[in-house]
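Peer 1: Predicted model, plus sequence, below.
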Protein chains: 2
Amino acid sequence: MSTPLLEILKRHQLSVTDSRKKILELFQHSNGALAHADIEKKTGELFDRVTIYRTLQTFVDKGIIHTIPTADNSVLYALCKDECTQGHHHDNHVHFICDTCNMTYCLDHVTSPQVSLPNGFQEKRTDVVISGICNLCN
Amino acid sequence: MSTPLLEILKRHQLSVTDSRKKILELFQHSNGALAHADIEKKTGELFDRVTIYRTLQTFVDKGIIHTIPTADNSVLYALCKDECTQGHHHDNHVHFICDTCNMTYCLDHVTSPQVSLPNGFQEKRTDVVISGICNLCN
DNA sequence: GTAACTGCAAAATATTTGCATCCTT
DNA sequence: AAGGATGCAAATATTTTGCAGTTAC
């Protein structure tokens, strides 16, 4: 199903460490997005808080995960599809946040719509975040 | 042009104080969104940092301003259109963030597109954030 | 062996809360 | 006069940085 951990890390020229393996695994086994706090909770005392921050940042830089915009303050991360290359994310899919279970999904098969902008505005990237009720809570 | 300050505050049953007048005025004179830090900078030493936090929260609660989702950690606020009522925002317009000048615009006249979701997902609210180059920087 | 990664400590930043005082109505 | 808003102090939470020790390759 999902690409082996080691292959992903190696493809991005990252050395294979416990924290990277574990955190990447968490993303693969979660069908939604994760926040720093989620990861901290799920890894227990395994890694330092700082290591988690740095690992997430590294993954973002390398194009392994991407951040998801949220209206409140929180920062969420989710796996990129395989086509993401370093420094160039192609995550133009729709994100869905369930108001009930609070889960955040990447709807990989729903692509962002084309929006026509006023004169002079030039689109480079479109993020769509839809909230409502997910299929499990419905 | 814009609704008088006092009228807006009174309509939402808020007492008229210096900080509320000043902060609301800032939003009216800005054609973009503002962050807590922007407001702090523009008001100088006039008000306490905490007062700004509380004033912004009050405005959000009352439906005078709304937050804008951003992929990084920052929280941005912008004026709601007049139809917003307490606890019920109707800000279904598109937001635009300029990569060059870093300004955030509410494109009030560009409404969020309808997105068709997978079975079982029910939309309640759609946020669209487009980044690129704005009309002034273009 | 070397460069990169981690843990720990601490700094920097951001946000929230309690309470006494002041201001709006 | 009474309730709400503010300022200040301090608690809490979040993120970043420096550095020494450890690990991957």
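Peer 2: Looks like it arrived, so ask away.
Peer 1: now the end-to-end length of stretch A:31-39.
Peer 2: Using C-alpha to C-alpha, to the nearest Å, the span of stretch A:31-39 from its first residue to its last is 14 Å.
Peer 1: Can you give the distance from that stretch to the centre of its chain?
Peer 2: Relative to its chain's centre, stretch A:31-39 lies at 8 Å (C-alpha atoms, centre = their mean, to the nearest Å).
Peer 1: Give me the distance between A:Leu43 and DNA strand D.
Peer 2: Quick fix: residue A:43 reads Thr, not Leu. For A:Thr43, the distance to DNA strand D (C-beta to the nearest atom of the strand, to the nearest Å) stands at 15 Å. For the C-beta atoms, the positions are set from N, CA and C on the backbone; glycine is no exception.
Peer 1: Which secondary structure state is assigned to A:Ser19?
Peer 2: Per DSSP: H, G, I helix; E, B strand; the rest coil, the local secondary structure of A:Ser19 is helix.
Peer 1: From what I see, it and A:Thr51 are in contact.
Peer 2: Yes. With contact defined as C-beta atoms under 8 Å, A:Ser19 reaches A:Thr51; the gap is 5.2 Å.
Peer 1: With only the CA atoms kept, save the helix ranked longest in chain A in PDB.
Peer 2: Once chain A is assigned using DSSP state H, the helix that runs over the most residues is helix A:49-62. Output of helix A:49-62 as PDB, limited to C-alpha atoms (Å, rounded to 0.1, in the frame of the first residue of the first chain):
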ATOM      1  CA  ARG A  49       9.800  17.900  22.000                       C
ATOM      2  CA  VAL A  50      12.400  19.800  20.100                       C
ATOM      3  CA  THR A  51      13.300  16.800  18.000                       C
ATOM      4  CA  ILE A  52       9.700  16.600  16.900                       C
ATOM      5  CA  TYR A  53       9.700  20.200  15.800                       C
ATOM      6  CA  ARG A  54      12.900  19.700  13.900                       C
ATOM      7  CA  THR A  55      11.800  16.500  12.200                       C
ATOM      8  CA  LEU A  56       8.500  18.100  11.100                       C
ATOM      9  CA  GLN A  57      10.300  21.100   9.700                       C
ATOM     10  CA  THR A  58      12.800  18.800   7.900                       C
ATOM     11  CA  PHE A  59       9.900  16.800   6.400                       C
ATOM     12  CA  VAL A  60       8.200  20.000   5.200                       C
ATOM     13  CA  ASP A  61      11.400  21.300   3.700                       C
ATOM     14  CA  LYS A  62      12.000  18.000   1.800                       C
END
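Peer 1: near chain B, which residues of chain A show up?
Peer 2: A:66-73, A:75, A:94, A:96, A:99, A:107, A:109-110, A:113-136, A:138 (C-beta under 8 Å from any C-beta of the partner chain).
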